[in-house]
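Q: need a 3D model of the following:
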Amino acid sequence: MTLSLTDFATDAEYGPITAIDISPGEGTFLICGHQDGHIVLWDVVSGASLQTAGDHHQSAIIHLKFIDLNHQIVSADVQVRSLSLSLSLIAFT
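A: Prediction:
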């Protein structure tokens, strides 16, 4: 299966993708930050959107990073708000 970034950018309501990272290890998850502050978790194998979080940032995501194998992330927006989240806290399971 071949996927391109456009396969993951189907939610036009969130605006363009402004940050992206792939999970460490097997790389089975892709996380995208959008212009409006939404964060979307994708399954790389199926191309399916798994979860969306939209209440942590109110401006464009400029940085996303998986920080360990337990799928914790760090995100930052253009207003220099940074956030360290366990994916379980934002319902990414």
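Q: buried set for the strand or helix carrying Gln51?
A: Take DSSP states H and E as the rule and Gln51 turns out to sit in strand 49-53. Buried residues in strand 49-53, counting neighbours by 16 or more other CB atoms under 10 Å, are found at Leu50, Thr52, Ala53. Quick note: C-beta positions are derived from backbone N, CA and C, even for glycine.
Q: in the protein, where is pLDDT below threshold?
A: 1-12, 69-71, 80-93 (pLDDT under 70).
Q: hmm, His34 is touching Ser49, no?
A: No. The pair His34 / Ser49 is not scored as a contact, 11.9 Å apart, by CB atoms under 8 Å.
Q: can you tell me the SS state at Gly47?
A: coil (DSSP: H, G, I helix; E, B strand; the rest coil).
Q: which residues does Asp43 contact?
A: In this structure, Asp43 makes contact with Thr28, Phe29, Leu50, judged by CB atoms under 8 Å, 6 or more residues apart in numbering.
Q: and it, how close does it get to Gln35?
A: Using CB to CB, to the nearest Å, Asp43 is found at 23 Å from Gln35.
Q: tell me the secondary structure for Glu13?
A: Glu13 is classified as helix under three-state DSSP.
Q: count of neighbours near it?
A: As a burial measure, Glu13 scores 9 neighbours (other CB atoms under 10 Å).
Q: likewise for Ile39?
A: Counted with other CB under 10 Å, the neighbours of Ile39 add up to 26.
Q: dump the residue contacts of it.
A: Taking CB under 8 Å, 6+ apart, we find Ile39 in contact with 31-33, 52-54, 56-57, 61, 64, 73, 75, 90.
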